[in-house]
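Student: Whatever this is, show me its structure:
(chains A, B, C, D, E and F, ligands or ions: 3)
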Amino acid sequence: MNFSFDHMGVANLFAGDFNAVTFSIIGMLLVFVGLTIISLYIVCLPWLLKRLGKRQARPTEAVDKVAEQQNIDQEKEILMAIATAFYLDQNFPEENQKITWKSHGDVESPWLISGRVQGMAQRTHVTRRVFPHR
Amino acid sequence: MNFSFDHMGVANLFAGDFNAVTFSIIGMLLVFVGLTIISLYIVCLPWLLKRLGKRQARPTEAVDKVAEQQNIDQEKEILMAIATAFYLDQNFPEENQKITWKSHGDVESPWLISGRVQGMAQRTHVTRRVFPHR
Amino acid sequence: MNFSFDHMGVANLFAGDFNAVTFSIIGMLLVFVGLTIISLYIVCLPWLLKRLGKRQARPTEAVDKVAEQQNIDQEKEILMAIATAFYLDQNFPEENQKITWKSHGDVESPWLISGRVQGMAQRTHVTRRVFPHR
Amino acid sequence: MDFTSFFNNTGIAHLEWGNLVMILVGVVFIFLAVTKDYEPLLLVPIGFGIIVGNIPPIAGMPLGVYSEGSVLSYLYFGVTKGIYPPLIFLGIGAMTDFSTMLSNPKLILLGAAAQIGVFLTFLGSLYLGFSLKQAGAIGIIGGADGPTAIFLASMIAPELLGPIAIAAYSYMALVPVIQPPVMYLLTTKEERRIRMKPPRKVSRKERIIFPIVAFLICTLIAPGAITLLGMLFFGNLLKESTVTDRLANSARNALIDIVTILLGFTVGASTQAQTFLTPQSILIFILGALSFVVATAGGVIFAKIMNLFLKEKINPLIGAAGVSAVPDSARVVQAVGQKEDPGNFLLMHAMAPNVAGVIGSAIAAGVLWSVLGKF
Amino acid sequence: MDFTSFFNNTGIAHLEWGNLVMILVGVVFIFLAVTKDYEPLLLVPIGFGIIVGNIPPIAGMPLGVYSEGSVLSYLYFGVTKGIYPPLIFLGIGAMTDFSTMLSNPKLILLGAAAQIGVFLTFLGSLYLGFSLKQAGAIGIIGGADGPTAIFLASMIAPELLGPIAIAAYSYMALVPVIQPPVMYLLTTKEERRIRMKPPRKVSRKERIIFPIVAFLICTLIAPGAITLLGMLFFGNLLKESTVTDRLANSARNALIDIVTILLGFTVGASTQAQTFLTPQSILIFILGALSFVVATAGGVIFAKIMNLFLKEKINPLIGAAGVSAVPDSARVVQAVGQKEDPGNFLLMHAMAPNVAGVIGSAIAAGVLWSVLGKF
Amino acid sequence: MDFTSFFNNTGIAHLEWGNLVMILVGVVFIFLAVTKDYEPLLLVPIGFGIIVGNIPPIAGMPLGVYSEGSVLSYLYFGVTKGIYPPLIFLGIGAMTDFSTMLSNPKLILLGAAAQIGVFLTFLGSLYLGFSLKQAGAIGIIGGADGPTAIFLASMIAPELLGPIAIAAYSYMALVPVIQPPVMYLLTTKEERRIRMKPPRKVSRKERIIFPIVAFLICTLIAPGAITLLGMLFFGNLLKESTVTDRLANSARNALIDIVTILLGFTVGASTQAQTFLTPQSILIFILGALSFVVATAGGVIFAKIMNLFLKEKINPLIGAAGVSAVPDSARVVQAVGQKEDPGNFLLMHAMAPNVAGVIGSAIAAGVLWSVLGKF
Ligand code: NA
Ligand code: NA
Ligand code: NA
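Tutor: Numbers count the residues shown, from 1 in each chain, chains lettered A, B, ... in the order given. Ligands and ions are numbered 1, 2, ... in the order given. The predicted model follows:
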């Protein structure tokens, strides 16, 4: 463990059976091989996806559509919330009126009455994407 | 540990002293006993609560009232915030005006200058109930 | 480990070599010494800061200014968001219009494409200060 | 230092067919999660974990979940010692609303009936030659409750933990595929159209007292359920008391998310083909599927039996929700019911046996543990 | 396999009177938290933990916090090794604002004076026959600081950890009951009406430098306080530097919540009647109550002594806040002060000795540990 | 019990010059973080940790990261066993967008070229007399990747963990100081003004498939990278699949924050002057600085070589981003490029080699570990 400069020297690079220079070159090559294959894969992917596209495209698109619809719902809701808040304040300036609008992400909703881990599938990511406070 | 079909047979259910069939029946019974007692308890609870109600009712209600009041405060504040924002933007369209309104949940408030775990009693749940982003 | 009242007595305070009373007094003194030095330090700090102020003042102020500017940006953005939402809702009451405004804290922004821990420097604290929901 | 020895240090050199099969399984899991939306919170971590676990490691390097001192082995510790499942139950408790159950207590019995799947599978596994402990751990797959299955398996049959966990989670994800045929087979069109009265409102006081009393009842009968039900009802108390809302919030967000990530990933990574692809594992998968079928049937049939004695008939479909697999089996009930009668909303009713099923299988696990643990 | 042996596997068979008493204590804790709002974040987890810990386990099954290999024992590890308290201090630091203290440094001394409760209780415990280490751990209850008490007890008297933790947290919750009589007894009406000048504004630079310097001062005097104060001031630096706000946020939310849940629950679960209900525990509770009274008195009396030398008199009530128990004792000061003079706002002033009391008791713990740890 | 023995229990009695120097280093770290905004999320925890680690402890008291049974030693466990770095990679994966890389795959090679810094530093360290394992661990500093450096060091040269970690993180923070001179030296004014075409839009499908395939490619070549890249790509899949967004969210917030706090703090606290201030450590710092320079040069020169063969020239400045140190080195590229041509936006392009550099150094670490681990 104790380091000292006594052991300095080029011989260290070839001590024992181990050729550190060859190793370094091979190591550098492996890094290049790995990233080059990734690079090639990325180049080929769009072509591959087109071929596979006919079968898989539909379900994925369905999911995309659902997500999009949820986004729209969410945004409509926010719009409505803000509008409601403003409207209420403009027209009923007393203190106690309550703003209540449906919140998809609400923990109390029946879909979230989940006693199980699956219940976590509450799709709060839609909410989060819109207000990324965390 | 190594499994093989050589040991298959009805005899397995009664190997040694252990009668697995009796055990399963008793096990199933215990599950039913547990959930039946819970079921009976739930049936009796409203009746029990009514009897106990005279003494405990008040403090709990007090808490409920506080929570409700907090909710109202919170919502008034949100209303005011939105209204203020809109009002400012309508009337002072320059860029730099600041919206500053009191935030109950604010970490900087004196009640939260807490150097202790009790300080956590910051009642952020009210805030959270209203904007359940998490 | 087993406690009993048999061992009660003033002698316990001076058992063995250990004078518990002296120890308590010194202990109490150390608490006072520590907090008194802190107290004195606090008294001297403003004076110290004034002396050191000439060199360090500028960079810190720069940071403060950046933070302030960010705050202003943030608040302008919120203002704009609310105003936009309201405007859209007032003028295009159909259901599908999308509110899109730039979000500094957005995970998708180029500055956050970070594959590294430094990427965490996303300065979400500005956002959080404004909406401290957590 | 030549290329051959270098090649022997790569993963390709040691890749076997089994690994490729398992990697494909992992990809299918992720595919199902992303395109079919089958329980993505379980299938994505497990699927990627399976891929990670089937990259053949180099001998002597601590990489996999089973090699001492590896990072994955430390993360897997929470699985082998049964620590993650109770923490997940804590979060689940903090997001569970027992209101529907409290408002219609007789539906709780359906959650008990579905546990017949546990005990019949236990007997079946014994018959096939598994040891008592192994049979008990396989039986609990019928509880349709991933954390409970992992917990019991880690306690009494750690050697089967991998296949049991994967089977339990896979079938939970496949509930929308497994249950409907059984439900159609056992019910008539008229039964599927039965409508039920909306549940009554439950007071805050009832909801606060419930977790305490329910915990006492269950664990005084089956102390083996202390850990799982203790955490479940503790989480629920944090939620219902409302004065500890920030704790409930962290329990049902940061805590459960982190534990779910670690649990799913390491359970997936424990499926190295070399130890996982055995006849035993395949048998466990078959037994698991059967137990889900039996449990579903048990719930539905018991509902029909109850109807013989009840004036206000219950829709026997909601018996299927007694398996737990919350909230998926309740959603399945809703979907099947709505196909017959689009105006029939069974979801809220189905939630009652659904959460009761969680408690039921925790009690069953406690009983199995306390008796079989001694052998 | 008969019913008798089955009954022996249930919890009811082994339930003792002590367990029932403790379960009742747990219920009372939860009741106080929910209805009186006494520190719910502490009392709800501890209360439910007490209930869980008093379900009698079956011999041979790893269930409780003390049985090796059980899940609860792994979670309790963070208590026995003193890991949870510093993590709680990290979160507390990230939510503490030392501004009031920085703006009125002489009030810090009140936080030192209140530590007299620690040392007098130490001497009292010694007198009663406790060992040196035990006496030190009991004395720290007077610091009115749950995490500090647990930390010191786990280091020098782990055998008393349960009662010391429960005593410390119970009395912290009961501060609004314990302190006012002492405060009335030791102050005149005139003293209670003293108004104080509003604190000055503290610059950001002062707030950033403070945690570093304060840490150095305290730990160069009492290195035993390194762990607790290191975390406290580290958390505070994360908060005040503003450039690490996201870390401070996670420290004061997810992290402290999760640790609080685990700490409270397992400390509660460590109170199995069989080991907890001893004369020793009852003595510790009595000594704990006394130490809170002495600490309160110490703070108030020292404030009166300081007034002999000060031109701008301080309201002696705020001496009571020196016990820490943040922010409850400061709230009590505010409430008592406002009863005499509704226009008197002592809260901000009371926060100064309040947070100083936290530092003071951490130093006291460090001193006790470094000297008594050797015996 | 006299004052002398008390004084011997204080920290001042044992304070050495080395400790004072290190405390000053810690203060400088915090100062740079607060005033210069150099990577505050790293420098503040490490800086305060350094201060904490250099308060001299009392003999016999378990306080520091190296003393068995201390709280800090338990928290440091995640460093010594290499547990924290993969968890940080999980969070980083969940916040990384590989889009720019996917839209311009040839820039990935720049991330490979920069790893020349790793291997040259390895050879240099060997030359100076470090052992094979030590040299490998020192070399990885050139990967410009804190978690990777800590992970590899903990696996093959735990005795150098402290200086390697501090060197890696310090230089990552100093990237805006180290890189620009090298970049100016190796490029002409014309080269620095090269503008590049905006990247194309990448489909969701490509982004979901990428982490799975990239993981397979990398780890089949270098299984030693399983742990780090498994977590990185797992986190990225959680993010890109969109169906597990809540898990991705917790991974990139609560989880990474908590781990960052613990990692930075304990790494800092591991720098007790008595073991840290050695000629060896100083040598490691010099080698680390050189490796950053070599890595930067490697990226820039390789970009110039690529330009010999490419029709659409790339701006060689972005080669400097291949060192990783995300996103700082990309920002440096942007800043240097904009100085020549205010209308040139290189940031998005620089992100591609930037994230490729993370993958590249993880592969390099895997190769070093798998071969050197055997010696
Ligand atoms: Na179940
Ligand atoms: Na105190
Ligand atoms: Na790199």
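Student: Can you give me the neighbour number for the nearest residue to D:S370 once chain neighbours are set aside?
Tutor: Leaving out its chain neighbours, the residue that sits closest to D:S370 by Cβ to Cβ, 6 or more residues apart in numbering or on different chains is D:G224, at 4.2 Å. For glycine as for every other residue, the C-beta is placed from the backbone atoms N, C-alpha and C. Per other Cβ atoms under 10 Å in any protein chain shown, the neighbour tally for D:G224 reads 30.
Student: what's the answer for D:P279, then?
Tutor: Per other Cβ under 10 Å, the neighbour tally for D:P279 reads 10.
Student: for residue 30, what are its contacts?
Tutor: The chain I'm using is chain A. Residues counted as contacts of A:L30 (Cβ atoms under 8 Å, 6 or more residues apart in numbering or on different chains) are D:F6, F:I221, F:A222, F:I363, F:V367.
Student: not what I meant, chain D
Tutor: Here D:I30 is in contact with D:L43, D:V44, D:G47, D:F48, F:I212, F:L237, F:S241 (criterion: Cβ under 8 Å, 6+ apart).
Student: Show me which of those is closest to D:F276.
Tutor: Closest to D:F276 out of the contacts of D:I30 is D:G47 (14.3 Å), distances taken as Cβ to Cβ.
Student: wait, the closest one sits on D:V34?
Tutor: No - judged on Cβ atoms under 8 Å, D:G47 makes no contact with D:V34 at a distance of 9.5 Å.
Student: can you tell me how far D:L75 sits from chain A?
Tutor: Plainly put, D:L75 is 18 Å away from chain A if you go by Cβ to the nearest Cβ, to the nearest Å.
Student: burial of that residue, as a residue count?
Tutor: By other Cβ under 10 Å, 22 other residues sit near D:L75.
Student: List the contacts of it.
Tutor: D:V65, D:L262, D:F265, D:T266, F:I83.
Student: Throw the contacts of A:L30 into CSV and include pLDDT and secondary structure, thanks.
Tutor: Shown next, in CSV, are those (pLDDT from 0 to 100; DSSP: H, G, I helix; E, B strand; the rest coil):
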residue, pLDDT, secondary structure
D:F6, 67, helix
F:I221, 89, helix
F:A222, 89, coil
F:I363, 95, helix
F:V367, 92, helix
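Student: Farthest-apart pair in the residues you listed, please.
Tutor: Top of the distance list for the contacts of A:L30 (Cβ to Cβ): D:F6 and F:I363, 13.4 Å.
Student: Which one's more surrounded, those two?
Tutor: The neighbour comparison of D:F6 against F:I363 (other Cβ under 10 Å) goes to F:I363, with 32 against 19.
Student: Spit out the contact partners of the residue in the stretch 1-150 of chain D that chain C sits nearest to.
Tutor: Proximity of the stretch 1-150 of chain D to chain C (Cβ to the nearest Cβ) peaks at D:A94, 16.0 Å away. Counting by Cβ under 8 Å, 6+ apart, D:A94 makes contact with D:G235, D:N236, D:L238, D:K239, D:A248, D:N249, D:A251, D:R252, D:I256.
Student: and what of D:L132?
Tutor: B:A15, B:F18, B:A20, D:L126, D:L372, D:F375.
Student: which residues touch the third one?
Tutor: In other words, B:A20. Here B:A20 is in contact with B:N12, B:L13, B:F14, D:F122, D:L123, D:L126, D:L132, D:A135 (Cβ under 8 Å, 6+ apart).
Student: how about these in TSV, adding secondary structure?
Tutor: Output for those, formatted as TSV (DSSP: H, G, I helix; E, B strand; the rest coil):
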residue	secondary structure
B:N12	helix
B:L13	helix
B:F14	helix
D:F122	helix
D:L123	helix
D:L126	helix
D:L132	helix
D:A135	helix
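Student: hmm, which of those residues are the buried ones?
Tutor: Burial by neighbour count, 16 or more other Cβ atoms under 10 Å in any protein chain shown: within the contacts of B:A20 this picks out B:N12, B:L13, D:F122, D:L123, D:L126, D:L132, D:A135.
Student: and those residues as a markdown table, adding distance to ligand 2 and pLDDT?
Tutor: As requested, the buried ones among the contacts of B:A20 are exported to a markdown table (distance: Cβ to the ion, whole Å; pLDDT from 0 to 100):
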| residue | distance to ligand 2 | pLDDT |
| --- | --- | --- |
| B:N12 | 64 | 79 |
| B:L13 | 63 | 81 |
| D:F122 | 55 | 95 |
| D:L123 | 61 | 94 |
| D:L126 | 60 | 92 |
| D:L132 | 55 | 92 |
| D:A135 | 56 | 94 |
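Student: The helix ranked longest in chain D and chain B, are they touching?
Tutor: Longest helix in chain D, counting residues (DSSP state H): helix D:279-309. Yes - against chain B, helix D:279-309 shows contacts by Cβ under 8 Å from any Cβ of the partner chain at D:P279, D:Q280, D:L283.
Student: Name the next helix or strand downstream of that helix, please.
Tutor: helix D:328-340 (DSSP states H and E).
Student: What lies in contact with that next one?
Tutor: So helix D:328-340 is contacted by A:118, D:39, D:144, D:172, D:175-176, D:179-180, D:183-184, D:189, D:192-193, D:296, D:315, D:317-318, D:320-321, D:323, D:344-347, D:350-351, D:354 (Cβ under 8 Å, 6+ apart).
Student: tell me the pLDDT at residue 71?
Tutor: If you meant another chain, say so; for now it's chain A. pLDDT, A:N71: 51.
Student: should've been chain D
Tutor: 95.
Student: ok, which residues in chain D are in contact with chain E?
Tutor: By Cβ under 8 Å from any Cβ, the residues of chain D that approach chain E are D:81-83, D:86, D:90, D:208, D:212, D:215-216, D:219-224, D:226-227, D:230, D:233-234, D:237-238, D:241, D:243-244, D:246-247, D:249-251, D:253-255, D:367, D:369-371, D:373-374.
Student: same thing but at 7 Å, please
Tutor: Proximity of chain D to chain E (Cβ under 7 Å from any Cβ of the partner chain) is limited to residues D:81-83, D:86, D:208, D:212, D:215, D:219-221, D:223-224, D:226-227, D:230, D:234, D:237-238, D:241, D:243-244, D:246-247, D:250-251, D:254-255, D:369-371, D:373-374.
Student: so how many other residues sit close to residue 18?
Tutor: Here I'm looking at chain A. 16.
Student: Can you look at chain D instead?
Tutor: 16.
Student: Isn't it up against D:A273?
Tutor: Yes - using Cβ atoms under 7 Å, D:G18 is in contact with D:A273, at 2.9 Å.
Student: Could you name the helices and strands sitting against the helix or strand D:F215 falls within?
Tutor: In the assignment (DSSP H and E), D:F215 maps to helix D:204-221. Judged by 3 or more Cβ pairs under 7 Å, 6 or more residues apart in numbering or on different chains; DSSP states H and E, the packing partners of helix D:204-221 are helix B:20-91, helix D:99-103, helix D:226-240, helix D:347-372.
Student: weakest of those helices by average pLDDT?
Tutor: Minimum mean pLDDT among the helices and strands packed on helix D:204-221: helix B:20-91, a mean of 66.
Student: Please save the CA atoms from stretch D:65-79 in PDB.
Tutor: Only the C-alpha atoms of stretch D:65-79 are listed here, as PDB (Å, rounded to 0.1, in the frame of the first residue of the first chain):
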ATOM      1  CA  VAL D  65     -27.600 -10.900  -7.200                       C
ATOM      2  CA  TYR D  66     -26.200 -14.200  -6.000                       C
ATOM      3  CA  SER D  67     -22.500 -13.300  -5.900                       C
ATOM      4  CA  GLU D  68     -21.400 -12.200  -2.500                       C
ATOM      5  CA  GLY D  69     -20.300  -8.600  -2.200                       C
ATOM      6  CA  SER D  70     -21.900  -7.400  -5.500                       C
ATOM      7  CA  VAL D  71     -24.000  -4.300  -5.500                       C
ATOM      8  CA  LEU D  72     -27.000  -6.200  -6.800                       C
ATOM      9  CA  SER D  73     -26.600  -8.700  -3.900                       C
ATOM     10  CA  TYR D  74     -26.800  -5.800  -1.400                       C
ATOM     11  CA  LEU D  75     -29.900  -4.500  -3.200                       C
ATOM     12  CA  TYR D  76     -31.300  -8.100  -3.300                       C
ATOM     13  CA  PHE D  77     -30.900  -8.300   0.400                       C
ATOM     14  CA  GLY D  78     -34.200  -6.500   0.800                       C
ATOM     15  CA  VAL D  79     -35.800  -9.300  -1.100                       C
END
